[in-house]
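[1] got a predicted model here, sequence first, then my questions.
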Amino acid sequence: MSEGSAPPLPQKLIPDPDGRNADFYRHAATGRLHLQQCSGCSHFYHPPRYLCRECGSDALAFVPVSGRGRVFSWTVTHRPVDAAWAREIPYATLVVAMDEGPRIVGALRGMDPEGLRLDLPVRAEIEVVTDDFARICFVPAPAA
Ligand SMILES: [Zn+2]
């Protein structure tokens, strides 16, 4: 390390989800976004659940989805709580209304947060971290 250079940043935390959340991230770690869908009535869910609130079925399976949605809300971080993210500030965390219905939280990629607007069309881009975990990211995408 040369004099005056910054110390290396710590590694980003890899979450260790459990239960149905672990199933969600394990499916995402295949490189494609999956959502839980009821086999009885086709309703989509996120976050994952044990029973369908529409028909009461427990036959909920993770299925690959389009990954397309629109920006519902967001926040921009200028001072990271975790120093491992310092290199990425300012960064935006989005709530995206997926075409299938559920809303999902993910990180903005591929554009400056200043350009965000409500209903901006985006598509999911999965950042596979381990066999069991992936970060959900969204990039701007023209509407289909
Ligand atoms: Zn159902």
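    Alright, I've got the coordinates.
[2] separation between the residue nearest in space to the middle of the chain and His46?
    Among the residues of the chain, Ile136 comes closest to the average C-alpha position under Cα atoms, centre = their mean, at 2.8 Å. As judged by Cβ to Cβ, to the nearest Å, Ile136 and His46 stand 10 Å apart. In short, each C-beta sits where N, CA and C put it, glycine included.
[3] now do Val122
    Taken as Cβ to Cβ, the span from Val122 to His46 is 15 Å.
[4] looking at those two, which is more packed in?
    Neighbour count, other Cβ atoms under 10 Å: between Val122 and His46, Val122 has more, with 27 against 18.
[5] isn't the more buried one up against Pro142?
    No: using Cβ atoms under 8 Å, Val122 is not in contact with Pro142; the gap is 10.2 Å.
[6] how long is stretch 94-103 end to end?
    Taking Cα to Cα, to the nearest Å, stretch 94-103 runs 10 Å from one end to the other.
[7] could I get the buried residue list for it?
    94, 96-100, 102 (16 or more other Cβ atoms under 10 Å).
[8] what of stretch 52-61?
    If you call a residue buried by 16+ other Cβ under 10 Å, then stretch 52-61 has these buried ones: 52, 60.
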